[in-house]
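# What shape does this take:
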Amino acid sequence: MNGKLNIAPAAVILVDAREAARRLAISPRTLWQLTKDRAVPSVKIGKCVRYRVVDLEEWTRKQVVQGV
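Sure, this is the predicted structure:
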């Protein structure tokens, strides 16, 4: 063994509003409105609002309109 650890980088679990908006391809302002309306799930940690990546993916999947 060469003394180096083979550690894979940790997967991102939470993202901030700017990153969440980028991943959803919407403006941060639109994201804040969707968050306020409780349309997009969010997590509040102290004064910080964060978004779980899995929740963003699930929300996006639910937005797909079938049969169009």
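
# Provide the secondary structure category for Gly51.
Not Gly; residue 51 is Tyr. Classification of Tyr51 by DSSP: H, G, I helix; E, B strand; the rest coil places it in strand.

# Could you measure from it over to Ala17?
7 Å (C-beta to C-beta, to the nearest Å). Just so you know, the C-beta spots here come from the backbone N, C-alpha and C atoms, and that holds for glycine as well.

# Provide a list of residues in contact with Arg50.
Leu14, Val15, Asp16, Ser42, Val43, Lys44 (C-beta atoms under 8 Å, 6 or more residues apart in numbering).

# Which pair in those has the greatest spatial separation?
Val15 and Lys44 (14.1 Å; C-beta to C-beta).

# So for those two, which sits in the more crowded spot?
When neighbours are counted by other C-beta atoms under 10 Å, Val15 comes out ahead of the other of Val15 and Lys44, with 16 against 9.

# List the residues that contact that one.
Arg23, Arg50, Tyr51, Val53, Leu56.

# circling back to that earlier point, comparing Tyr51 and Ala17, which residue is more hemmed in?
Tyr51 (24 against 17).

# Now do that one, the pLDDT please.
pLDDT for Tyr51: 97.

# what about Arg23, helix or strand, and which?
Element membership for Arg23, per DSSP states H and E: helix 17-24.

# counting contacts, what elements does that helix pack onto?
helix 28-36, strand 48-52, helix 53-62 (3 or more C-beta pairs under 8 Å, 6 or more residues apart in numbering; DSSP states H and E).

# From Trp32, how far out is Ala25?
15 Å.

# These two: who's more crowded?
Trp32 (15 against 7).

# separation between the nearest residue to the more buried one once chain neighbours are set aside and Ala11?
Leaving aside its chain neighbours, Trp32 sits nearest to Ala17 (6.8 Å; criterion: C-beta to C-beta, 6 or more residues apart in numbering). Distance, Ala17 to Ala11, using C-beta to C-beta: 20 Å.
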